[in-house]
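Asker: This is a predicted model, with the sequence first.
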Amino acid sequence: MSEQSAAKDNPNPNPNPNPWVKLGLDLGPLVVFFIANSQFGIMTATAIFMALMPVVMFLSWRLHGHIPVMLWVTAVLVAVFGGLTLYLDDERFIKIKPTIINAMFAIILLVGQLRGKILLKTVMGAAFPPMHERGWQIMNRNWIVFFLAMALINEFVWRSFSTDTWVSFKAFGFTIITFIFAMAQTPVLMKYQIPEGSTEGESSEKVKD
């Protein structure tokens, strides 16, 4: 199902979702995963996490009018690596899932930029104000570095610490780091944002690298 078709089928799409609702959809499954792990262990927590993904996708479609591409990818990888974790009774698979997904996002963005396509703009453009192409190039590069760093950090944490520590880091550490990184992109947004009522060509003369 494409985002356009999903929006067309949804009778109540909301093009400007409440940021708190979006945050709840992003953090909710992670918090439940953390609680379930502390009460029942990693295997049960993995099963619950897998079961929550279709619920999050449905709520995203109902509230926002579409299912984001990144959520589709995350849901598929949760199903694959969560399924392997439960079937083989091996928690390493769910632990490497963040490594795989972050590395994959980095590679996709890098290949797109090398081919002259800023895929970050395609995926996240609606979440940001209009911005010059140079700004999108910088943002795309920064997110490539971020995703690669997060993949390496995840590998270090799950290989060096206990399962409970890894779960805590996945639920809260990843979120905090992502928030800090996103806030650090504010200067790029401010510098390359296209003023309201201006075209990219008109305002680009005022932007200096």
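Answerer: Good, I have the coordinates. Numbering: from 1, shown residues only.
Asker: And for the helix or strand encompassing residue 31, what's in contact with it?
Answerer: Element membership for residue 31 (DSSP states H and E) is helix 19-40. Residues outside helix 19-40 that contact it (C-beta atoms under 8 Å, 6 or more residues apart in numbering) are 44-46, 48-49, 52-53, 56, 59-60, 63-64, 163-164, 167-168, 170-172, 174-175. Where you see a C-beta, it was placed from the backbone N, CA and C, and this is true even at glycine.
Asker: My read is that residue 136 contacts residue 118, right?
Answerer: Yes: assessed by C-beta atoms under 8 Å, residue 136 is found in contact with residue 118 at 4.6 Å.
Asker: Quick one: the helices in this protein, in order.
Answerer: 3-9, 19-40, 42-64, 69-88, 92-114, 119-124, 133-160, 163-168, 174-184, 186-192, 200-204 (DSSP state H).
Asker: could you dump these to CSV with mean pLDDT and mean neighbour count?
Answerer: As requested, the helices of the chain are arranged in CSV below (pLDDT from 0 to 100; neighbours: other C-beta atoms under 10 Å):
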stretch, mean pLDDT, mean neighbour count
helix 3-9, 47, 13
helix 19-40, 81, 15
helix 42-64, 89, 18
helix 69-88, 90, 16
helix 92-114, 94, 18
helix 119-124, 81, 17
helix 133-160, 95, 17
helix 163-168, 95, 17
helix 174-184, 93, 12
helix 186-192, 90, 14
helix 200-204, 51, 13
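Asker: what residues are up against the residue nearest to the spatial centre of the chain?
Answerer: With the centre of the chain defined as its mean C-alpha position, the nearest residue by C-alpha atoms, centre = their mean is residue 70, 5.7 Å away. With contact set as C-beta under 8 Å, 6+ apart, residue 70 has these partners: 105, 123.
Asker: Check residue 102 too.
Answerer: Listed by C-beta under 8 Å, 6+ apart, the contact partners of residue 102 are 147-148, 150-151, 154.
Asker: Recalculate using a threshold of 10 Å.
Answerer: Listed by C-beta atoms under 10 Å, 6 or more residues apart in numbering, the contact set of residue 102 reads 146-155, 174.
Asker: farthest-separated two in those residues?
Answerer: 146 and 155 (15.2 Å; C-beta to C-beta).
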